[in-house]
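Visitor: Got a sequence here, can you model it:
(2 chains)
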Amino acid sequence: MEKDFHYYATYCAAYIAGFTHEESVRIAWSAAFVDNCSKTFLARAKAPLSAATTQLQMELMEMRTDVIGLQEITRIWTSFHFLPRDLYAPVKGAKRYRNKYRLLCGPNGPLLKDTIELAKSSGTLEAIGLSMHVLADTWAHMYFIGTTSLVFNTSNYHFYEKIADGNGGFYEKHITFRHNPGIPDDAVNSLYTATPFSLRENAVFNLGHGRLTHLPDYAYARYRYMPSWKNYEEVYKDNPEDFYKAFCQMIYALKYLRGATDRFETDTYDFEAAKPYEHEIRTFFEKRQIELAKEWKALSLKLSGKEFAPFEIEPAAVEYIDAGEDRDNTVLGRFIKAALAQKSMVTNKVFKSGNLTCGYSVNYEEKGLKGIKDYFKLLELHNEDRINQRRKGREQ
Amino acid sequence: MTKFKRATILMISAAMILTAIVFMVSPKESYPVVTLILSFMLLAYGIRQIIYYIVMARHMVGGRLILYIGLILLDLGLFTATLSVIPLPYVMLYLLGGYAFAGAIDLMRAKEARRLHSPEWKFILFKGVVNILIAVICLVLIFVGTTIAAVYIYSAGLIYSSILRIVTAMRKTAVVYIPQTEIERIMSLK
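Guide: Now for the predicted structure:
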């Protein structure tokens, strides 16, 4: 999804779920920051590089697509943007094919429940924000996989956009993609810029929905196409409907994360809480605009009556650098912890399913502290949290 | 990464470095070997595409294209492998393409890193400039070059690539997973 949804829509969902204005802003910031926490940014802040939740275009272009490089790409994109729906999905074919098939992203899988439970146990607003990003993207990135793949992430010429004709009906337009990265998408004229075609299975051009540009992220988009993996079956994607469901599911999950309800189940939505705003939200989902920041911002103002600053990443880096020894208690410090925990959890689940596309996972319980050093921080931070919780418990 | 995989990468990298050194010691005699390796790479690529079709692409919409391309590459690879001499300009063009592409990516990456105030941008820029310089040298050598220069550039690339492989093989790559039960146990001991 686009930044407007991750930032402003998450704020609205958090506020509706009962968080205060300040808490909602922090949750929204973390949800949007998932698309900005690159290795380059972390290197600048002198933070653990393994906490990267995204990769910049040029970082990707520079990456070696050997086994290790591909595992790193898959860990990032699978954990935060293309959460697999079913790691044990039955499918015929060679192991290499099967492993990638099982990474297909979709909403309401068991990993989504694990993500929400992890955020709940982490207990920080940053972890909650991060989990909201993951949840929202399971809807937008449905039918793609969070790794490089020609076989799974492409489509053929059979691609049609369904456009409202203004009289309550729809007409269809055949879509062809442009490949000049200098030209932005044009929603009004249905002109979209996608990555160029590459015959190599593991070319970075074939990562996620790159071959279909950002169309899956646009709230107004309704389209039918033939995904390369679906055996010549057509898929119809209705983003306005899916994005509204995502919003209602966020409210439901946020109520659980706040402690207002005592369980989280997949495929459950808080339509009731969103009802007073449904018409407004559905109306701006129909606007053929790449970004709906203005519309979401207006709704957030209507909800809380408070304005808040546009999304920025610089203050978090400055706070983290200036905090010195105490940097783990900054916004970025807590976000890093949440990111490491999510990546570690997803990698472990994928690894345990017999799939090595995310790499190896070392269980601390069995093998102790082995593996990438950055993750040792996870234990230290988990302990600190528990110590603080115990202290708080004793004080009360 | 398994220990076997790690050992395999290290052995292949050591062999590549050794080969590059042999090439540099006797460049004149090595030129036909270098061209033969390049031909076999094309052949191997063709075979890989056919395997890729069997394992993956046959499930894909329009995947038969991969099979046709694999067959054409295999044919081209077989053809070039049977040629006794490949003219120098073709080898130089191949090297030029690789270095120019890598250089251009590095320059764009340096620009991106600088925009985000990342300290690594200077190193990336340096790498980019070196790659572009080698590409320019390849371009000049198309017209005035000798086979010796081609062998030297190819060997340097081989050594650089081997070092990167060794660095990758030595890296710790496993992700630590801490089950919630273990966290509780540690805390109960405190």
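Visitor: what separates B:Pro179 from chain A, distance-wise?
Guide: From B:Pro179 across to chain A, the span is 5 Å (CB to the nearest CB, to the nearest Å). Every residue, glycine included, has its C-beta placed from N, CA and C.
Visitor: Return the residues in contact with that residue.
Guide: The contact partners of B:Pro179, by CB atoms under 8 Å, 6 or more residues apart in numbering or on different chains, come to A:Asn363, A:Tyr364, A:Glu365.
Visitor: same deal with A:Ala219?
Guide: Contacts of A:Ala219 by CB under 8 Å, 6+ apart are A:Met1, A:Glu2, A:Phe5, A:Asn239, A:Pro240, A:Phe243, A:Phe284, A:Phe285, A:Leu292.
Visitor: Recalculate using a threshold of 7 Å.
Guide: Counting by CB atoms under 7 Å, 6 or more residues apart in numbering or on different chains, A:Ala219 touches A:Phe5, A:Asn239, A:Pro240, A:Phe243, A:Phe285, A:Leu292.
Visitor: any idea which of the contacts of B:Pro179 is closest to A:Ala339?
Guide: Using CB to CB, A:Tyr364 is the member of the contacts of B:Pro179 that sits closest to A:Ala339, with 17.8 Å.
Visitor: Chain B: strands as residue ranges?
Guide: Ranges of strands in chain B, per DSSP state E, are B:175-177.
Visitor: Flag the helix or strand of it with the lowest per-element mean pLDDT.
Guide: helix B:180-189 (a mean of 52; mean pLDDT, DSSP states H and E).
Visitor: Output the helix or strand harbouring A:Arg282 as PDB, nothing but the C-alphas.
Guide: Here A:Arg282, judged by DSSP states H and E, is contained in helix A:278-285. Listed next in PDB are the C-alpha coordinates belonging to helix A:278-285 (Å, rounded to 0.1, in the frame of the first residue of the first chain):
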ATOM      1  CA  GLU A 278     -17.800   3.900   5.700                       C
ATOM      2  CA  HIS A 279     -19.400   6.200   3.100                       C
ATOM      3  CA  GLU A 280     -16.600   8.700   3.400                       C
ATOM      4  CA  ILE A 281     -13.800   6.100   3.100                       C
ATOM      5  CA  ARG A 282     -15.500   4.300   0.200                       C
ATOM      6  CA  THR A 283     -16.000   7.600  -1.600                       C
ATOM      7  CA  PHE A 284     -12.400   8.500  -1.600                       C
ATOM      8  CA  PHE A 285     -11.300   5.000  -2.500                       C
END
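Visitor: check contacts around the nearest residue to A:Lys120 once chain neighbours are set aside.
Guide: Spatial nearest neighbour of A:Lys120, excluding adjacent residues (CB to CB, 6 or more residues apart in numbering or on different chains): A:Leu257 at 5.6 Å. Counting by CB under 7 Å, 6+ apart, A:Leu257 touches A:Ile116, A:Ala119, A:Lys120, A:Ile128.
Visitor: Off-centre distance for stretch A:293-307?
Guide: With CA atoms, centre = their mean, to the nearest Å as the basis, stretch A:293-307 stands 23 Å off its chain's centre.
Visitor: Which residues in stretch B:45-56 does the neighbour count mark as buried?
Guide: Judged by neighbour count (16 or more other CB atoms under 10 Å in any protein chain shown), stretch B:45-56 contains these buried residues: B:Tyr45, B:Gly46, B:Gln49, B:Ile50, B:Tyr52, B:Tyr53, B:Val55, B:Met56.
Visitor: Any residue of that stretch touching chain A?
Guide: Yes: contact of stretch B:45-56 with chain A (CB under 7 Å from any CB of the partner chain) involves B:Tyr52, B:Val55, B:Met56.
Visitor: B:Val61 contacts A:Val235, correct?
Guide: No: using CB atoms under 7 Å, B:Val61 is not in contact with A:Val235, being 11.4 Å away.
Visitor: So for those two, which residue has more residues nearby?
Guide: Neighbours per residue (other CB atoms under 10 Å in any protein chain shown) separate B:Val61 from A:Val235, with B:Val61 holding more: 19 against 13.
Visitor: The more buried one: what's it in contact with?
Guide: With CB under 7 Å, 6+ apart, B:Val61 has these contacts: A:Asn156, A:Met226, A:Ser228, A:Tyr232.
Visitor: Now rank those by neighbours and give me the top one.
Guide: The most crowded member of those, judged by other CB under 10 Å, is A:Ser228 (23 neighbours).
Visitor: so how far is chain B from the residue nearest to A:Lys120?
Guide: Distance, A:Leu257 to chain B, by CB to the nearest CB: 17 Å.
Visitor: Per-residue pLDDT of that residue, please?
Guide: At A:Leu257, the pLDDT value in this model is 96.
Visitor: From the contact counts, what lies against the longest strand anywhere in chain A?
Guide: Using DSSP E, we find that the single longest strand of chain A is strand A:155-164. Judged by 3 or more CB pairs under 7 Å, 6 or more residues apart in numbering or on different chains; DSSP states H and E, strand A:155-164 is in contact with strand A:170-174, strand A:222-227.
Visitor: Which of the helices or strands spans the residue in the stretch 1-150 of chain A positioned nearest to chain B?
Guide: At 3.9 Å from chain B, A:Met58 is the closest residue in the stretch 1-150 of chain A, using CB to the nearest CB. In this structure, A:Met58 sits in helix A:57-62 according to DSSP H and E.
Visitor: next helix or strand past that helix?
Guide: Later in the chain than helix A:57-62, the nearest helix or strand by DSSP H and E is helix A:67-80.
Visitor: That next one near chain B anywhere?
Guide: Yes: for helix A:67-80, a contact with chain B is found by CB under 7 Å from any CB, at A:Val67, A:Ile68, A:Gln71, A:Arg75.
Visitor: Distance from that helix to the middle of the chain?
Guide: Its chain's C-alpha centre and that of helix A:67-80 lie 14 Å apart, by CA atoms, centre = their mean.
Visitor: can you give me the mean pLDDT across it?
Guide: 94.
Visitor: Could you check it and say which residues are buried?
Guide: Across helix A:67-80, burial judged by 16+ other CB under 10 Å covers A:67-80.
Visitor: Kindly report the same for stretch A:183-197.
Guide: For stretch A:183-197, using 16+ other CB under 10 Å, the buried residues are A:Asp185, A:Ala187, A:Ser190, A:Tyr192, A:Thr193, A:Ala194, A:Thr195.
Visitor: Show me which residues of chain B sit near chain A.
Guide: B:1, B:52, B:55-57, B:59-62, B:66, B:69, B:105, B:108-109, B:112-113, B:116-120, B:164, B:168, B:171-180, B:182-183, B:186-187.
Visitor: of the residues you listed, buried ones?
Guide: Among those, those classed as buried by 16+ other CB under 10 Å are B:1, B:52, B:55-57, B:59-61, B:66, B:69, B:105, B:108-109, B:112-113, B:116, B:118, B:120, B:168, B:173-178, B:182-183.
Visitor: Following the longest helix belonging to chain A in sequence, what is the next regular element?
Guide: Criterion DSSP state H: the longest helix present in chain A is helix A:331-352. Scanning forward in sequence from helix A:331-352 by DSSP H and E, the next helix or strand is strand A:361-363.
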